[in-house]
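# fold the following and give me the result.
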Amino acid sequence: MERQTEICIVGGGPAGTLLACLLARRGADVVLIEKQSVPGPSFRGEILNGDGERVLSKHGLLEKIEPEAVLPLVRLEYWDNRRVVKTILPDTAGGNVGIHIPQADLLCALLDEAAAYPNFTYMPGTTVRGLLQSEDGRYAGVKIRTGSGEDGEIRSRVVVGADGRYSSVRRHAGIPASTEGHGYDLLWARIPAPEGWEPVMCSTIQNGQQLHLFTQARGYVQVGWNIEEDSYKELRKRPFEELTDTLIQAFPKLERSVRSHIKSWQDFVLLDIFSSSSERWARPGLVLIGDAAHTMTPTGAFGLNEALCDADVLHEELLACLERSQDPNAPLERLEQRRRADVERRQLEQVAMESAYAQNFNI
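Down below sits the predicted model:
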């Protein structure tokens, strides 16, 4: 199998899918490759901040998402000894401190919009096996294997690596990335929200452990436990009830839901926490966006939003190039010029927020 296209995007997460949608709307021939067969199957960043909301709203895409999947959060609370000691409210009346949208709903809305254009092709269940290069060393496409086991090639003017923190595009291109640990990993679990639960985010320190609650659309609460970096293997040797009991001590209203839905270690998802920065975001014919270029920690929920901003800026640069039939290498490099400083500021902000976390409780 061989296919020719203008833009080949690897990675059907928010950044890659938004970029594909925006480019397809403007007439670019786009192929979007995603290794998962179903959109959004795992725990990922799902909180829109003001930046992400502005990007989706600017392009009329926020309104494409099912209303029941869009949950504005009304406040952020810090708890100590079962009481609220600090509250952060929206900046404006009727505002929010973040919007929860399940990633599957976001991706399906973007895919439905892109699918309206015949110049868009979506290839789920497809993995990248390597990169194609021209005689002068320019990247010119990808080698793939489809879900049915068929090998093939997609040749393109531009390859976009939007395939996450462990990017295969970055690896095949040999682009180094510096990685920094933050001293902790994160355990996630999801439980039904108790009756009367408000759309809030809550954080606390209980028995020396940081616990976080994120109210989700469609009646769920996502629970996050900070654990010491690389401690999960040892932690699993202990009764998992130690964690659930700690959670219930901190937030007694969750007891029934926790007891009913967290019954073993299998109900947790481990996320190893680190930040990273690619040495370069672009090479001739190839560009990285989102986590592939700059992995962020969950602190502040910046990762999703910075990835959406990357896609927005890159689509502007690529369209200007394609419309004038120019060499796309300069627009690829301009993405990094326009975005790297903002991303690095956000990463430093995350470190500062993590260092100052305990100050929110006046302890």
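
# now the helices for the stretch 101-250 of the chain?
With DSSP state H, counting those that start in this stretch as the definition, the stretch 101-250 of the chain shows helices at residue ranges 103-115, 168-173, 232-235, 241-250.

# can I get those in CSV including distance to residue 80 and mean neighbour count?
For the C-beta atoms, the positions are set from N, CA and C on the backbone; glycine is no exception. Written out in CSV, the entries for these read as follows (distance: least, Cβ to Cβ, whole Å; neighbours: other Cβ atoms under 10 Å):
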stretch, distance to residue 80, mean neighbour count
helix 103-115, 32, 20
helix 168-173, 42, 21
helix 232-235, 24, 13
helix 241-250, 9, 18
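
# how about the ones you listed in JSON lines, adding distance to residue 57 and mean pLDDT?
JSON lines is the format used below for these (distance: least, Cβ to Cβ, whole Å; pLDDT from 0 to 100):
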{"stretch": "helix 103-115", "distance to residue 57": "13", "mean pLDDT": "96"}
{"stretch": "helix 168-173", "distance to residue 57": "29", "mean pLDDT": "97"}
{"stretch": "helix 232-235", "distance to residue 57": "39", "mean pLDDT": "94"}
{"stretch": "helix 241-250", "distance to residue 57": "35", "mean pLDDT": "92"}
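
# who wins for proximity to residue 291 among these?
helix 168-173 (9.9 Å; Cβ to Cβ).

# please save the CA atoms from the closest one in CSV.
Extracted as CSV, the C-alpha positions of helix 168-173 are listed here (Å, rounded to 0.1, in the frame of the first residue of the first chain):
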residue,chain,number,x,y,z
SER,A,168,8.0,7.1,17.7
VAL,A,169,8.4,9.9,15.2
ARG,A,170,10.9,11.7,17.5
ARG,A,171,12.8,8.4,18.1
HIS,A,172,12.9,7.4,14.4
ALA,A,173,14.2,10.9,13.5
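
# show me the contacts for the closest residue to residue 176 other than its chain neighbours.
Nearest-residue entry for residue 176: residue 279, 4.5 Å, with adjacent residues in sequence omitted and distances by Cβ to Cβ, 6 or more residues apart in numbering. Shown in contact with residue 279 (Cβ atoms under 8 Å, 6 or more residues apart in numbering): 175, 176, 177, 178.

# give the bridge partners for residue 86, please.
With beta bridges defined as DSSP bridges, residue 86 has these partners: residue 78.

# and the longest helix belonging to the chain, what's buried?
Of all the segments assigned as helix in the chain under DSSP state H, the longest by residue count is helix 329-355. Going by neighbour count (16 or more other Cβ atoms under 10 Å), the buried part of helix 329-355 is 329, 331-336, 339-340, 343, 346-347, 350, 354.

# out of those, which comes closest to residue 56?
Distance to residue 56, by Cβ to Cβ, is smallest for residue 339 among the buried residues of helix 329-355, at 17.5 Å.

# from residue 163, how far off is the residue nearest to residue 176?
In this structure, residue 279 and residue 163 are 17 Å apart, going by Cβ to Cβ, to the nearest Å.

# flag the shaky bits of the stretch 251-363 of the chain, pLDDT-wise.
Low-confidence segments of the stretch 251-363 of the chain, defined by pLDDT under 70, are located at 362-363.

# which residues touch residue 133?
Contact analysis of residue 133 by Cβ under 8 Å, 6+ apart lists 139, 140, 285.

# how about a cut-off of 10 Å?
Listed by Cβ atoms under 10 Å, 6 or more residues apart in numbering, the contact set of residue 133 reads 139, 140, 141, 173, 283, 284, 285, 286.

# what's the pLDDT at the third one?
Spelled out, that is residue 141. Listed pLDDT for residue 141 reads 98.

# what's around it, how many residues?
Here the count is done by other Cβ atoms under 10 Å, and residue 141 has 25 residues near it.

# which ones are touching it?
Taking Cβ under 10 Å, 6+ apart as the definition of contact, the neighbours of residue 141 are 2-5, 8, 31, 130-134, 153-159, 285-286.

# hang on, the earlier thing: Serialize the helices of the stretch 101-250 of the chain to a markdown table and add fields for distance to residue 19.
Supplementary listing: those in a markdown table, determined by distance: least, Cβ to Cβ, whole Å:
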| stretch | distance to residue 19 |
| --- | --- |
| helix 103-115 | 10 |
| helix 168-173 | 14 |
| helix 232-235 | 34 |
| helix 241-250 | 38 |
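
# looking at these, which is closest to residue 312?
In this view, the helices of the stretch 101-250 of the chain are compared for proximity to residue 312 by Cβ to Cβ, and helix 103-115 is the closest at 12.6 Å.

# who are the packing partners of that closest one?
Packing partners of helix 103-115 (3 or more Cβ pairs under 10 Å, 6 or more residues apart in numbering; DSSP states H and E): helix 14-25, strand 30-34, helix 50-58, strand 120-124, helix 302-323.

# what's in contact with the following helix or strand past the third one?
Toward the C-terminus, helix 50-58 is succeeded by strand 71-72 as the next helix or strand (DSSP states H and E). Around strand 71-72, the neighbours that count as contacts under Cβ under 10 Å, 6+ apart are 46-48, 53, 90, 94-102, 199, 215-220.
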